[in-house]
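> no sequence for this one, just the structure:
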Ligand SMILES: Nc1ncnc2c1ncn2[C@@H]1O[C@H](COP(=O)(O)OP(=O)(O)OP(=O)(O)O)[C@@H](O)[C@H]1O
Ligand SMILES: O=C(CO)[C@H](O)[C@H](O)COP(=O)(O)O
């Protein structure tokens, strides 16, 4: 893969030079990408052939990579919809491409599904007796190469795993976006891919809740039987425990979803206790806190300002350790009766990276029909979306400042 370095200050149509002698760099396009013309005899701005690939300037490399790990049916798609909404614009499959593509593209974000890196199709897995969760059914070398290329601003031809047919379809072209989200079973499994992540999230859904969600979707919406759902969860469990679950130790934020503690013995999965576990000490991420940073706080917001029906709502915040990392934990047990009153809770949270007062509440109201909008899953997913926007803006600002700092030196 050709590598080039652009020495000038990036600005639209400014002249630039590249270190790679086989290409002539002409200028910048609207997206601040470098446009190349082939060099060689007779090649010029007019005569040269426009090079089809575009490269970001080294100083302009902007692709921030986010990893989202979870088992199937654990809310990744819902989280992605909340995240892309924070950046505005609708996320859609690549235009004119494979109708079964798993990719979602919006103005700022591209979400790729790591199922596309299955190396064995459905029949292949059956023949070899491995599940899709088994690393032997996935091509981590290709995953690493392609995520790295995208991070460096180079487009890739990514394979497609077709969930309808169970086959590997012809690849699709993925252009480097500003924010690349890699979601699926293994974003933090391979250390090379893990190192490319600017931020990582793990959705840790307890077995009881996973079961309740699976029944809701696969039985009610897809016509599966209770026995087949149970059998599928049981069949996946050993590989889930071996290869998926251990990734949570590497996550910068974990959203843990458990049965409520407000109703003794409840396992229904409708009222949830949700914990947002946030790593301390990261460069571009500072944990959210309730009332007072670093203290341990229990809070029941129900009363005059927040309507709560049975079993009520309880918040908890405090420092802790998680896989030997220092973390802060924000917890919400229970569910909201009235989403518009969420503003009362929002106004007691700090470091939520909103751009205006009430932005969390506004986002939650906007997507009131998404699963989990009345509980901690929706609230914490929304907050993490805002934190990712903030992280992206910080990384961008630092990159923009870097050439000026270098020039001063
Ligand atoms: N926060 C939530 N609260 C309640 N139910 C939820 C929540 N998130 C997801 N679900 C349930 O789980 C189902 C799967 O959610 P979603 O499609 O977001 O998961 P996924 O991880 O993308 O699944 P898959 O990998 O199978 O495509 C939803 O249809 C819904 O029934
Ligand atoms: O765990 C999964 C990730 O979503 C799927 O089971 C895996 O991708 C295999 O897909 P399919 O069941 O469509 O063959």
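Received, thanks. From a predicted model like this one, the values you see are computed outputs, not experimental measurements. Ligands and ions are numbered 1, 2, ... in the order given.

> And residue 249, how far from residue 401?
Distance from residue 249 to residue 401, counting by CB to CB, to the nearest Å: 33 Å. Where C-beta positions appear, they are placed from N, C-alpha and C, glycine not excepted.

> Have a look at these two and say which one is more surrounded.
Set side by side, residue 249 and residue 401 show more neighbours around residue 249, with 13 against 10, by other CB atoms under 10 Å.

> Not counting its neighbours along the chain, what's nearest that one?
Taking CB to CB, 6 or more residues apart in numbering as the measure, residue 249 lies nearest to residue 323, with 4.0 Å between them; neighbours along the chain are not counted.

> Same check on residue 145?
Of all residues beyond its chain neighbours, the one nearest residue 145 is residue 156 (8.0 Å), with distances taken as CB to CB, 6+ apart.

> wait, what's in contact with that neighbour?
Residues in contact with residue 156 (CB atoms under 8 Å, 6 or more residues apart in numbering) are 145, 146, 149, 150, 173, 174.

> How about the residues of the protein by ligand 1?
Near ligand 1, the residues belonging to the chain are 70, 72-78, 213, 216-217, 371-372, 377 when assessed by CB under 6 Å from any ligand atom.

> and with 8 Å instead?
Contacts of the chain with ligand 1, taken as CB under 8 Å from any ligand atom, map to 70-81, 113, 115, 183-184, 203, 212-214, 216-217, 221, 257, 269, 272, 370-372, 375, 377-378, 381.

> give me the number of residues near residue 175?
Here the count is done by other CB under 10 Å, and residue 175 has 17 residues near it.

> What pLDDT is listed against it?
Residue 175 carries a pLDDT score of 94 in this model.

> Next one: it from ligand 1, what distance?
Distance, residue 175 to ligand 1, using CB to the nearest ligand atom, to the nearest Å: 23 Å.

> in terms of contact, does that residue touch residue 155 like I think?
Yes: under the contact definition of CB atoms under 8 Å, residue 175 touches residue 155, with a separation of 4.9 Å.

> Just list the residues touching residue 295, thanks.
Taking CB under 8 Å, 6+ apart as the contact definition, residue 295 lies against 317, 318.

> Ramachandran coordinates for it?
Note on residue 295: its backbone torsions stand at phi -80, psi 170 [degrees, to the nearest 10].

> how much space between it and residue 316?
Using CB to CB, which is the criterion applied here, residue 295 is 11 Å from residue 316.

> Residue 365 now?
With the distance defined as CB to CB, residue 365 ends up 25 Å from residue 316.

> what's the answer for residue 354, then?
In this view, residue 354 and residue 316 are 22 Å apart by CB to CB.

> okay, those two: which has more neighbours?
Residue environment comparison for residue 354 versus residue 316 gives the larger neighbour count to residue 354, 19 against 16, counting by other CB under 10 Å.

> name the element residue 386 belongs to?
Element membership for residue 386, per DSSP states H and E: helix 376-408.

> And the pLDDT at residue 89?
On pLDDT, residue 89 comes in at 75.

> how many neighbours does it have?
Residue 89 sits with 12 neighbouring residues when counted by other CB under 10 Å.

> and what of the one 10 residues further on?
Neighbouring residues of residue 99 were enumerated by other CB under 10 Å; the total is 8.

> what about the stretch 301-409 of the chain, any weak spots by pLDDT?
Low-confidence segments of the stretch 301-409 of the chain, defined by pLDDT under 70: 403-404, 407, 409.

> interface residues of it facing ligand 2?
Counting by CB under 8 Å from any ligand atom, no position of the stretch 301-409 of the chain is adjacent to ligand 2.
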